[in-house]
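S.K.: predicted structure and sequence below. I'll ask about it afterward.
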Amino acid sequence: MTTSGEFGHVQGGTVLYRSILLPLSEGRGTIDFLLGAANCRKKAEDA
């Protein structure tokens, strides 16, 4: 599952973000672990 978007920062400017959530399994049909990551940055035109 992935998601991304942008939002206005309270101090001005726009922040871009994205994240991913990956289910990991050893093949038995059940989810054993979740691997997640996220990052963000200030939008270039606001820099």
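M.R.: Here it is on my side, so go on.

S.K.: got the contact list for stretch 23-43?
M.R.: 6, 9, 13-22 (Cβ atoms under 8 Å, 6 or more residues apart in numbering). From N, CA and C alone the C-beta is placed, and that goes for glycine too.

S.K.: which ones among these lie within strands?
M.R.: Filtering the contacts of stretch 23-43 for membership in strands, criterion DSSP state E, returns 6, 14-22.

S.K.: let's have these in a markdown table, adding neighbour count.
M.R.: As requested, the ones in strands among the contacts of stretch 23-43 are exported to a markdown table (neighbours: other Cβ atoms under 10 Å):
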| residue | neighbour count |
| --- | --- |
| 6 | 12 |
| 14 | 14 |
| 15 | 14 |
| 16 | 15 |
| 17 | 13 |
| 18 | 14 |
| 19 | 14 |
| 20 | 13 |
| 21 | 12 |
| 22 | 12 |
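
S.K.: JSON lines for those, including pLDDT?
M.R.: Output for the ones in strands among the contacts of stretch 23-43, formatted as JSON lines (pLDDT from 0 to 100):
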{"residue": "6", "pLDDT": "94"}
{"residue": "14", "pLDDT": "93"}
{"residue": "15", "pLDDT": "94"}
{"residue": "16", "pLDDT": "95"}
{"residue": "17", "pLDDT": "96"}
{"residue": "18", "pLDDT": "97"}
{"residue": "19", "pLDDT": "97"}
{"residue": "20", "pLDDT": "97"}
{"residue": "21", "pLDDT": "96"}
{"residue": "22", "pLDDT": "96"}
